[in-house]
Structure formats: structure tokens, C-alpha cells
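Student: Sharing a model prediction with you, sequence too.
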Amino acid sequence: MALTPTKQIPLGFIAPDFTLPDTVSGKTMSLEQLKSDKATVVMFICNHCPYVKHVNDALVALANDYMPKGVAFVAISSNDAEAYPADGPEQMKTEATRLGYPFPYLYDETQEVAKAYTAECTPDFNIFDGNLRCVYRGQLDGSRPGSNVPVTGKDMRQALDAILAGKPVSTDQTPSVGCNIKWKG
């Protein structure tokens, strides 16, 4: 595992479109189907990363708190499942079911979606406004495995609260950090 931060790129980019299989429902889903006219959270996660495992319960709580307010959540795993079998589609379905993910858990087998989003790590978070313009690209909160800092989702909650209140999201954003995406080849 190489400790990797979210690649900081200028905010304001439009969410790249995608069509990927949902490992839980078996349906193919697109950004167009999943997006919200209020806010859309696109997360790059995986099963085996200790940084993702550390925040999984908080991701479920965050989604359960904000989905009723009209915020859409999408999780995508782009890891090379041949080299990391724990991140394969069947294991993704098992993990999503076990954890009670209220959002789709999509599999990016070609890794093209991760590349389009310039995703570098798991977890890697992007929040888009109702026009699919990126307004947040940072951490869930300041907690890390072994840090003894509680996992609250504070940073993402502040961004989502601002969007829902019609206020600008602070551009003072701390990158997420975690395991590097396991690229093929």
C-alpha cells in the first residue's frame, strides 16, 4: 500500500459521465440516472483498503442522513480485481450488503472512470452541485486509522450543508488520503 492523497485539481470541472454495473442490483447504471439536481457525491472506494474500512460506517451514516434531503451518493471501485481479488465484483456485493450501503457500488473494470475523475486513492471523494460542477474534492474528515480522532464526516457534511443552504462551499479543502488505486499493468 502506498499512502496517496487525492490529486488536487481545480474545482469547477463537470462530472465525467459513466455507465457501470452495480454489483448489488446487477443493473447497469449511469451518472445521468444516479445524479441529483441538488448534489451528487461520487466516491472511489474499495473493499480491502484500511482507510476505507476506517470510514465505512460513517459513509453509510452520511448517505442515510443526506439522501432523504435529495443528495445522491455513488461508490465506485476501480481496483485491479485480478491482482486484488478482495476488490472483485462478487466481494463488492458481499461487502455492500454486509455494511448496508444505501448507495450503488459500481465496478469500474476498465479503470477509465477513475482516470476520467483523476482519482488517485481510496477513499477519494468528489461532491458536485446540481449542475454536476465539482465544488468539493477533499477528505471525509480528519480521522485516519490509528489516529484516535473520531470519524464524523465533518468536512463533507459542511460542504453538503452549504450546498443545501444555497451557500458557496469553502475552497479551503484538505485532500483525502488512503491507499493508491491499484492500477492494471
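Tutor: Yep, it's here.
Student: Name the helix or strand for the most centrally placed residue in the chain, please.
Tutor: The residue lying closest to the centre of the chain (Cα atoms, centre = their mean) is residue 43, at 0.9 Å. For residue 43, the host element (DSSP states H and E) is strand 39-44.
Student: next one: that strand to chain centre, how far?
Tutor: Its chain's C-alpha centre lies 5 Å from the corresponding centre of strand 39-44 when counted by Cα atoms, centre = their mean, to the nearest Å.
Student: now stretch 123-143
Tutor: 8 Å.
Student: Please spell out which residues along it are buried.
Tutor: The neighbour-count check on stretch 123-143 (16 or more other Cβ atoms under 10 Å) flags 123-129, 132, 134-141, 143 as buried. All C-beta atoms are positioned from the backbone trio N, CA, C, and that covers glycine.
Student: thinking again about what came up before, need the contact list for the residue nearest to the residue nearest to the centre of the chain when sequence neighbours are not counted.
Tutor: Sequence neighbours aside, residue 75 is the residue nearest to residue 43 in space, at 4.8 Å (criterion: Cβ to Cβ, 6 or more residues apart in numbering). Contact partners of residue 75, counting by Cβ atoms under 8 Å, 6 or more residues apart in numbering, are 43-45, 59, 96, 101, 103-106.
Student: Out of those, which comes closest to residue 181?
Tutor: Using Cβ to Cβ, residue 44 comes nearest to residue 181 of the contacts of residue 75, at 6.9 Å.
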